[in-house]
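K.L.:
3D, please:
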Amino acid sequence: MNVRRSAAALAASAVLCVGAAPAALADTAPPASPSAPPVIPSGLYGKGDPTYDGVWRQSFALLAQHTVGVKPAQQAVDWLVGQQCANGGFASFRADAGTECAATTMFDTNATAAAVQALVALGGKDAAVKKGVDWLKYVQNEDGGWAFVPGSPSEANSTALVISALAVAGEKPADVKSKAGKSAYEGLLPFQLGCTAEPASDRGAFAYQPVDGKLIANGDATAAAVLAGLGKGSAVVPSGTDTPAAALACPAGAAGSPETAAQGAAGYLAEALKKDGHLVAVTPGQVLPTPDTGNTADAVIALAAAGHKQSAAGALEWLKGNSAEWAKGSPAALGTLILAAHATGADPKAFGGADLVAQLNATGPAPQGADTGATEVKSEKGEGSGNQNVWWMIGAGAAAGVGIGILLSGRRKKNQL
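P.N.:
From the prediction side, this is the model:
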């Protein structure tokens with residue numbers, strides 16, 4: 001998460017690899033010069049370079065604040081609304097929001113989906129929400145799914161994120177259909193590993209995209225798909241029920257309803273968390289897997305949303321003891337941890353000795369009427385923060401001879417910079 005630069009950068013690189021890009025895929029303003037510190041807008045949360053995650057981290061900061069009863073600074077809300085283009089879409093970040101978006105703007109479905117969730121929660125932004133929803137519908141692929149960059153092949157992460165945003169905005173994802181008549185769920189469910197998957201422990205998981213025609217279990221895609229299948233967003237209301245997660249029901253497998261698919265995916269996550277209390281990932285250049293802090297937090301949210309808080313309990317405790325360095329100074333990471341605590345009924349102001357809310361507030365403009373003094377986080381013991389692992393590219397391949405298929409492990413979502 002902290003070292004991930006974002007799918008926007010990777011997508012832009014992939015587009016450049018194939019020569020002249022279509023207008024919808026062309027890059028926006030270039031990244032800041034390595035020799036010059038990034039210019040951080042006064043209304044933006046976080047001190048890191050916002051080029052690839054400005055809208056994403058702002059959305060999660062505002063969503064987390066609202067969820068725990070903190071009223072965000074008006075300038076922070078205004079900054080997010082001001083990032084929206086006239087067509088309703090959002091880029092990852094626009095340094096000059098006073099300039100109209102151009103044909104060369106690289107739009108970002110993940111940022112748009114996150115912004116829609118935040119603006120719905122904050123209220124009073126119906127026009128912006130509708131424009132965002134309409135844009136997401138407009139860029140839906142024929143197979144019913146979505147890509148990070150519109151016009152690229154669908155993948156589970158972006159499809160799930162968009163479905164969650166649509167559901168939060170009051171849409172029925174099953175009724176959101178492409179020009180070819182494919183629904184949003186028809187775009188998502190084919191990414192689930194069914195009852196014939198090997199090893200059997202991977203059954204129920206979701207893949208990001210097929211790799212050489214094979215679906216490979218991906219924790220990030222799986223956690224996102226749980227929320228999408230349940231028609232929920234990232235701000236999960238603590239459930240009144242608590243049952244153990246169960247494995248994918250076979251032989252029916254993933255051919256059932258979105259809810260059935262979501263519960264099977266939750267079963268995969270619960271089983272994957274049992275060994276060490278966290279998910280793992282292998283990043284380029286590493287031999288051994290490392291703890292995946294961000295996707296572990298996502299898994300906790302997903303399990304809580306599915307009514308399985310006890311299946312998430314071990315991972316929640318692991319996060320309390322091992323997430324400090326990973327989340328330090330990162331609005332998206334702190335926001336995700338706050339949402340995980342909220343979903344499970346834990347106290348985000350006493351999370352492993354840390355006040356996550358105060359830390360988040362301290363990364364940007366002071367909330368209205370809030371004490372923004374951050375509580376010092378005690379040094380953590382254990383297996384490390386896992387800050388190496390969220391944004392890495394699994395691989396890339398030719399896409400029908402006219403483009404390049406971008407295979408990324410993990411949403412741009414979480415916790416970076």
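K.L.:
rest of the way, CA atoms for contacts and neighbours
P.N.:
Noted.
K.L.:
surely residue 288 touches residue 280?
P.N.:
No - look at residue 288 against residue 280 with Cα atoms under 8 Å: they stay out of range, at 9.5 Å.
K.L.:
more neighbours: which of the two?
P.N.:
When residue 288 is set against residue 280 and neighbours are counted by other Cα atoms under 10 Å, the residue ahead is residue 280, at 22 against 9.
K.L.:
so that one bridges to which residues?
P.N.:
For residue 280, the residues forming beta bridges with it (DSSP bridges) are residue 291.
K.L.:
contacting residues for it?
P.N.:
Contact analysis of residue 280 by Cα atoms under 8 Å, 6 or more residues apart in numbering lists 289-292.
K.L.:
of those, closest to residue 200?
P.N.:
Nearest to residue 200 out of the contacts of residue 280 is residue 289 (Cα to Cα; 20.2 Å).
K.L.:
what is the burial count for that closest one?
P.N.:
Residues near residue 289, counting by other Cα under 10 Å, number 13.
K.L.:
quick one, what contacts it?
P.N.:
With contacts defined as Cα under 8 Å, 6+ apart, the neighbours of residue 289 are 280-283.
K.L.:
and if you look at residue 228?
P.N.:
160-161, 163-164, 262 are the contacts of residue 228 under Cα under 8 Å, 6+ apart.
K.L.:
looking at those residues, which are in helices?
P.N.:
Using DSSP state H, the subset of those located in helices is 160-161, 163-164, 262.
K.L.:
max pairwise distance over these: which two?
P.N.:
The largest distance within those, taken as Cα to Cα, falls between 161 and 262 and amounts to 13.7 Å.
K.L.:
who touches both of the two?
P.N.:
Contact criterion Cα under 8 Å, 6+ apart; residues bridging residue 161 and residue 262 by contacting each: 225, 228.
K.L.:
these two: who's more crowded?
P.N.:
Here residue 161 and residue 262 are set side by side on neighbour count (other Cα under 10 Å), and the busier one is residue 262, at 32 against 29.
K.L.:
thought that one was touching residue 229?
P.N.:
Yes - under the criterion of Cα under 8 Å, residue 262 lies in contact with residue 229, with a separation of 5.0 Å.
K.L.:
what average pLDDT does stretch 93-112 get?
P.N.:
Taken as a whole, stretch 93-112 has an average pLDDT of 95.
K.L.:
flag every buried residue along it.
P.N.:
Along stretch 93-112, these residues count as buried under the neighbour rule (16 or more other Cα atoms under 10 Å): 93-94, 101, 105-112.
K.L.:
end to end, how far does that stretch reach?
P.N.:
Its first and final residues considered, stretch 93-112 spans 11 Å by Cα to Cα, to the nearest Å.
K.L.:
that one: how far from the chain's middle?
P.N.:
Using Cα atoms, centre = their mean, to the nearest Å, the distance from the centre of stretch 93-112 to the centre of the chain it belongs to is 19 Å.
K.L.:
then stretch 39-56?
P.N.:
The chain centre lies 17 Å from the centre of stretch 39-56; the measure is Cα atoms, centre = their mean.
K.L.:
quick check: mean pLDDT across the host helix or strand of residue 326?
P.N.:
With elements delineated by DSSP states H and E, residue 326 resides in helix 324-327, which encompasses its position. Helix 324-327 shows an average pLDDT of 97 in the prediction.
K.L.:
let's see it as CSV, backbone CA atoms only.
P.N.:
Extracted as CSV, the C-alpha positions of helix 324-327 are listed here (Å, rounded to 0.1, in the frame of the first residue of the first chain):
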residue,chain,number,x,y,z
ALA,A,324,1.0,1.1,12.6
GLU,A,325,3.9,1.6,10.2
TRP,A,326,1.8,0.7,7.2
ALA,A,327,-0.9,3.2,8.1
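K.L.:
give the next helix or strand downstream of that helix.
P.N.:
Sequence-wise, the next helix or strand downstream of helix 324-327 (DSSP H and E) is helix 331-344.
K.L.:
just the buried residues of stretch 93-112: which are in helices?
P.N.:
Secondary structure defined by DSSP H assigns 109-112 of the buried residues of stretch 93-112 to helices.
K.L.:
between those, which is closest to residue 61?
P.N.:
Minimum separation from residue 61 among these (Cα to Cα) is found for residue 111, which lies at 12.9 Å.
K.L.:
ok, how many other residues are close to the residue lying closest to that closest one once chain neighbours are set aside?
P.N.:
Take residue 111 and drop its neighbours on the chain: the residue closest to it by Cα to Cα, 6 or more residues apart in numbering is residue 56, 5.0 Å away. By the criterion of other Cα under 10 Å, residue 56 has 30 neighbours.
K.L.:
would you confirm that residue 56 contacts residue 108?
P.N.:
No - with contact defined as Cα under 8 Å, residue 56 does not reach residue 108; the gap is 9.7 Å.
K.L.:
what touches both of those two?
P.N.:
When contacts are counted by Cα under 8 Å, 6+ apart, the set common to residue 56 and residue 108 consists of residue 92.
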